[in-house]
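Q: coordinates for the following, if possible.
(2 chains)
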Number of protein chains: 2
Amino acid sequence: MSSHSVESYLAARTALISEERSIRRDFRELQFATEEELQADQIVRSIKLEEAKTVWAADHPDIPNVFPGMAYLSARNLITKTKIFELISKMPKGALLHSHLDAMVSASVVLKYALEEPAIHVKIPNRLTKASLASTPPAFRGLKPSEYSDEVCLTSNLYNPGTWVQIKRARENFSDQLGGPEGFDAWVIDSLTILPGEAYEKYDSMSKIWEKFQNTFNIIGGFTRFYPLKKKYFKEFLLSSIEDGISFVETRLVFFRGYLVDADGEESVGYSELLTAFRKIIQEVKDEMANQGRPDAFFGCRIIYTTLRFVSCEELDWYIDDCIKLKQEFPDLIAGFDLVGSENDLKPLIYYIEPLLRCKSRVEELGLDLPFIFHAGETFGDGSEADNNLYDAILLGTKRIGHGFSLIKHPKLIQMCKERGIALEVCPISNEILRLTSSVCNHPLASMINQDVPVALCSDDPSVFGNMGLSFDFFQVLMGSDLNGLLTLRMLARQSLEHSTLSNIEKEKALASWGKQWAIFVRSVVDGSIFA
Amino acid sequence: MSSHSVESYLAARTALISEERSIRRDFRELQFATEEELQADQIVRSIKLEEAKTVWAADHPDIPNVFPGMAYLSARNLITKTKIFELISKMPKGALLHSHLDAMVSASVVLKYALEEPAIHVKIPNRLTKASLASTPPAFRGLKPSEYSDEVCLTSNLYNPGTWVQIKRARENFSDQLGGPEGFDAWVIDSLTILPGEAYEKYDSMSKIWEKFQNTFNIIGGFTRFYPLKKKYFKEFLLSSIEDGISFVETRLVFFRGYLVDADGEESVGYSELLTAFRKIIQEVKDEMANQGRPDAFFGCRIIYTTLRFVSCEELDWYIDDCIKLKQEFPDLIAGFDLVGSENDLKPLIYYIEPLLRCKSRVEELGLDLPFIFHAGETFGDGSEADNNLYDAILLGTKRIGHGFSLIKHPKLIQMCKERGIALEVCPISNEILRLTSSVCNHPLASMINQDVPVALCSDDPSVFGNMGLSFDFFQVLMGSDLNGLLTLRMLARQSLEHSTLSNIEKEKALASWGKQWAIFVRSVVDGSIFA
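A: Sure thing, here's the model as predicted:
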C-alpha cells in the first residue's frame, strides 16, 4: 500500500520552493547579508504587512481599485502617506540608467525658471476659452529682442492667435475667468504632465496616450532649448536626484536640432558648448556635495546620445559621426548611443542596419568605449517590428535594453541577456501609464527578477508622470510582490551601478560609496531613526 | 580594421530568429504541415492583415481602444462581423478541458427552459423599482406543489419581499414600467452575465468583479439544481459545443449540496442518478451525430469532480470518498478531482494537504485513474498563497493546471511543466474580464507558447462572459500575436486532445476523428467554400 506522509511532502515542498527562489539573486545572496540588513528587511516586511491592511485594504471612497501595487496615478496620494514610502525616499538607490533629460524636472519648477527669463515668450494657435483651455497647448520660445511683440495678454479678445507674448506678462494678465495667474500656472503644468483621468479614462488607447505624451515633449522643448534655462534645469535634475538617493545618472539627451537658443534668442549654442556646461555643472554639484560633507552622495552623470527613430539613414550617419566626435571630445560624458520615439509607430532598428553596422565598425576601429544602449521591446507585440527590435538590439551588442517589456516572450533572448549580462532598464510606472500593463503586479518585472535577468529600475519620464526621482518606482516594486523585500531593492540598486557604463575601477568606487550610504540607511531602519 | 557586413548580420539575425521560433511547437512542426495547410495558413494570415486595417485600425466612434486583441467585451460586436471569426467558428477545435458546467449555456436559453417548468419560482428580497432593478438579484427554485404561493406578480405594490412567484406568472405580470415581460427577461439575463460596463467600469476592482461573478453562479444554481432543467441544460451544452467545433469535453461539476431538486420540488436526485442521466445523454448525442452522418463531430464528455475551496478538511475527506465511489461506479465519466472558488480569497491547496495526500494514497491503492486537475495560480500574486498553489498542484501530481496565470513567474515550475507534460488550461477572455490582464496581448499565453509550455485553450465560464463555445477564445489568440497563425490554432486544438484524460487508445481515435474534420476544414479554407 502506498502512503504519502505530510512530513516528506512538506520537506519536498520546502526544497522545491528554495530551489526556485535561489534562482533570484536577492534570495541567493541572502547568505551574504549582514545581521543588520536581515533585521532591516524584517522591519520593512512587517511595515509592509501592516500597511497592506491599514492602507491598501482600507476603504477609500474616492479612489478606485485600491490594492498593494495598484495603478500608480490613482495611488499617488495614498503612497506618499505611507511609512514605506518615507523609508524608501531615504534609501540610497544607486544609478538612474533610463531617463529622458527633458522629463526630469517637475513642471512647476521649470515654469518658475521660465518666468525668470525675459526672452521666453508664449503663443497659442487659437482663442483661449474655458472650453478650449484643456485642448489648447501653449508653445514657448526664447526670442530675439527684435522679435518681441507688444502683445501683453493671451486671453484678451484682441489677442491675435500665433502672436508671441512675454511669458511673465501672459501670466500676469491671464483672464480671471480662466483662473488668473494661478490658472495660467495650472494650464501650463497640465500641458506638461499626464493626469490620472487622462491616463486611465480620457486617452483610452495606446495611440491617444502616446500623442499626449509626445505633446508634453513638444511643449517642454520650448523651455529646454533655451540654453540659460537648460543649465539651471540640468543642475536641478542632478540635485533633486541626489535628494532622492540617486548617486549616478546616465540620461538620454536628444541631439536633434543642432543648436540651442541663447539668452539673446539666437540659435547659437552648439552641443559641444552644452556638454562643456554640463561637465562644469557636474563638477559644481560634486564640489557642493563634498563641501556639505556628503562626498558619497554623488558620483557623476553621463549622457546617452540619442536621436529620433524617424530620421533617414543618411541623417543617422550624420548623427553617428556627431556622436563619435562628441565622444572623442567628452569621453567622460558620452556614455552610449540610442534612438528614441514610439517603437510601435516609428522605424525599427533593422531599418537602420547599414548606418548602425557602420557605426559599430567605426567605434571598434577608433577603439572607443561607445556602446549602443537601445530602447527595444517597449510593446506588447509578439513578433511585431517593435518586438523584433529585441533581436537587433542584442545582435548589435547593446549594453543594456531600454524597457525590454516584450523580452518575456523570448526564451532564447532571455538566456542571451543572462549569459551576456545585458540588463533591462525597467520602467514599471511608465509602462503602466502608457498602457502596456494595468499595474506593477502584472508587469513582466517579477518574472524577470525570478529568473535572474539583470534589471535596473528606472523612471523614464518622471516629470510627465509626476513621479520625481526613483522612490515611487521602488515603492511599486516592493508592493508588487510578496517576495520582494528590502534586499530586493538593495539588489536593484547594486545592479544599477554594476550595469552602468562606468569602468570597472570607477564602478568599484561608486559601489563603495553607495555601500557606505547603504550601511547608514540600514542602521537608521534598524534603530528607528529613519522615522525620527 | 573591423567591418560588419550587412549580409553576415542578416544571416545571423535569420538564424537567431529561427532558433528561437523553433522552440515553439507550431513552428517546429511546420515541416510536417501539408501543402494545403500551408496554403490555408497563408490565406488566414492575409485575411488577418487585411482586417487589421479594415476593422482594427478603422474608426469606431462608440468603441474605446480598438486594436487587434483588444478587450473582448468591447470588441464582441466587431469580432462577429469579421471573416476571421466566421472561419474560426467553423474550425474543429478538439477538446474543451476547462469549463464550469453551470456557466455553459447562454442565459436566454436557460430562461426559456425555466419558463417551461411550472415548478420553478422566483423571489426577490426587496421591492423592485427602476432604481433597484439592477442591484436586486432574483432567486430561483423548483418548489413542491405544497409550497406554491398565490402571489402572481413580483412588481406589484402588494408583493411581499421573499415570497415565491411562479416564474411564468412573474414574467407575464412584470410591470410595464420595468419593461413588461421583455424587461423581466433582460433583468434575469443581466443577472446571469457580466456586461462590458460592469467589467471595465462599474466593478473596478478584482474583488468587486469576483462578487458579481459569484452572484451569477448563485442565481443560475436555482435553475441548474432543478433536475429536469439540468438534463436539458447538459444536452444543450453538448450540442452547442459540437456546433462550435468542440468534439470532446471535460467539464467541472460542483458536488456540493448532495441532492438535486426533482420535478416535484423534492431534493431527491443524488449525483449517481445525475451521472446516469448524463451518461445516457452523452450516448444520445453520439447517436444523433452518427445518424446525421457526423460520427467524428463528438467523441464524448467527462466530468471533473469539484468541491469548493472553503470546505473543512473533514468535509473534504467526505467529498474525496464520494468522488472515489463515483469514479468506481462511473469510470468512463469521472475524469479527475479539483477544488474551485477564488484562489485569492479562499483556502490554498496546502491547507488541505492531509486529505489531499490521503486521497493520493487511496487512489493509488485502488489503482484508479483519478488524477488531480487543480486550479492554481489564477492570480497576479508573486509568492502569495494563490501563487503558491502552483507548487502544491505540481507536487501533488496535477495532470493539468487550471489557469496557471502566475506560472510565468516560476522558471523552475515552467521547466517541470514542460518535462512532465503538465498542460495549462489557459482562459484568456476569463482572465481579462476578471481583471488579471487588460487584453490578450499582455496575457502570459504568448510567452507560454513561445517557450513550448503545453497549453489547452479554454473558455472557463462562457455564458457569464457571453462567449459561447471556444471561437472567441481562438479568435483572441489569433489576434493577440503576429506569430500566431492557423497552425498555432491547430497546435492548440491537438494539444487539448493530447492532454485530455482519455486513454492512449481513445486519444488516438479522438485525434484521428479530429484529423478528418481538420482536413475537411483546411480544404474548405483553401477552396474558399468556407465562406460560401
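Q: if you count contacts, what does whichever helix in chain A runs longest end up packed against?
A: The longest helix of chain A (DSSP state H) is helix A:504-526. Applying 3 or more C-beta pairs under 8 Å, 6 or more residues apart in numbering or on different chains; DSSP states H and E, one finds that helix A:504-526 contacts helix A:35-54, strand A:246-254, helix A:486-498. Any C-beta I mention is one placed from the backbone N, CA and C, and that applies to glycine too.
Q: ok, how many other residues are close to A:Lys81?
A: 10 (other C-beta atoms under 10 Å in any protein chain shown).
Q: contact partners for the most centrally placed residue in chain A?
A: Among the residues of chain A, the one closest to the centroid is A:Asp460, at 2.2 Å (C-alpha atoms, centre = their mean). For A:Asp460, the contact set (C-beta atoms under 8 Å, 6 or more residues apart in numbering or on different chains) comprises A:His98, A:Ser99, A:His100, A:Ala103, A:Cys427, A:Ile429, A:Ser430.
Q: before we move on, what about A:Glu36?
A: Counting by C-beta under 8 Å, 6+ apart, A:Glu36 has contacts A:Ala519, A:Val522, A:Arg523, A:Val526.
Q: what residues does the stretch 151-300 of chain A have near chain B?
A: A:Asp204, A:Ser205, A:Met206 (C-beta under 8 Å from any C-beta of the partner chain).
Q: go again with 7 Å.
A: Residues of the stretch 151-300 of chain A that fall close to chain B, judged by C-beta under 7 Å from any C-beta of the partner chain: A:Asp204, A:Ser205.
Q: then the stretch 1-150 of chain A?
A: So far as C-beta under 7 Å from any C-beta goes, the stretch 1-150 of chain A lies against chain B at A:1-4, A:6, A:9, A:12-13, A:16-17, A:19-20, A:23, A:64-65.
Q: got a quick ChimeraX command for the buried subset of those residues?
A: Buried residues within these, by 16 or more other C-beta atoms under 10 Å in any protein chain shown, are selected in ChimeraX with:
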select /A:4,9,13,16,17,20,65
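Q: and the two most separated of the residues of the stretch 1-150 of chain A next to chain B?
A: Across these, the longest distance by C-beta to C-beta is 55.2 Å; it joins A:Met1 and A:Pro64.
Q: and the helix or strand encompassing A:Phe213, what does it pack onto?
A: Secondary structure from DSSP states H and E places A:Phe213 in helix A:206-224. Where contact means 3 or more C-beta pairs under 7 Å, 6 or more residues apart in numbering or on different chains; DSSP states H and E, helix A:206-224 is packed against helix A:107-115, strand A:139-142, helix A:180-192, helix A:227-243.
Q: go through it and flag the buried ones.
A: Applying 16+ other C-beta under 10 Å to helix A:206-224 flags A:206, A:209-210, A:212-213, A:216-217, A:219-224 as buried.
Q: which members of these are the farthest-apart pair?
A: Among these, A:Met206 and A:Phe223 lie farthest apart (C-beta to C-beta), at 26.9 Å.
Q: contacting residues for A:Cys301?
A: Residues in contact with A:Cys301 (C-beta atoms under 7 Å, 6 or more residues apart in numbering or on different chains) are A:Leu238, A:Val249, A:Thr251, A:Ile282.
Q: quick check, nearest of those to chain B?
A: Taking C-beta to the nearest C-beta as the measure, A:Thr251 is the one of the contacts of A:Cys301 closest to chain B, at 28.1 Å.
Q: can you show me the helices along the stretch 1-150 of chain A?
A: A:6-21, A:25-28, A:35-54, A:72-79, A:83-89, A:107-115 (DSSP state H, counting those that start in this stretch).
Q: nearest to B:Glu172, of those?
A: helix A:72-79 (46.7 Å).
Q: just the CA coordinates of that closest one, formatted as PDB?
A: Extracted in PDB, the C-alpha atoms of helix A:72-79 (Å, rounded to 0.1, in the frame of the first residue of the first chain):
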ATOM      1  CA  TYR A  72       0.300  54.500  -9.700                       C
ATOM      2  CA  LEU A  73      -1.500  57.700 -10.600                       C
ATOM      3  CA  SER A  74      -4.600  56.800  -8.600                       C
ATOM      4  CA  ALA A  75      -2.400  55.600  -5.700                       C
ATOM      5  CA  ARG A  76      -0.100  58.600  -5.500                       C
ATOM      6  CA  ASN A  77      -1.800  60.400  -2.600                       C
ATOM      7  CA  LEU A  78      -2.000  57.200  -0.600                       C
ATOM      8  CA  ILE A  79       1.600  56.200  -1.300                       C
END
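Q: what angle do it and helix A:35-54 make?
A: Using axes from the mean of the first three to the mean of the last three C-alpha atoms, to 10 degrees, the inter-axis angle of helix A:72-79 relative to helix A:35-54 is 100 degrees.
Q: and the buried residues of helix A:206-224, which is closest to chain B?
A: A:Met206 (7.4 Å).
Q: re earlier: who touches the helix holding A:Phe213?
A: With C-beta under 7 Å, 6+ apart, helix A:206-224 has contacts from A:102, A:110, A:114, A:137-141, A:191-194, A:198-199, A:203, A:229-230, A:233, A:342, A:434-435, A:464.
Q: next, the angle strand A:246-254 makes with it.
A: Going by the same axes, to 10 degrees, helix A:206-224 makes 100 degrees with strand A:246-254.
Q: quick check: residues of the stretch 351-500 of chain A near chain B?
A: A:353-354, A:357, A:360-361, A:364-365, A:380-384, A:391, A:395, A:408-413, A:436-438, A:441-442, A:446-447, A:450-451, A:481-483.
Q: among those residues, name the ones in helices.
A: Per DSSP H, those map to helices at A:353-354, A:357, A:360-361, A:364-365, A:391, A:395, A:411-413, A:446-447, A:450.
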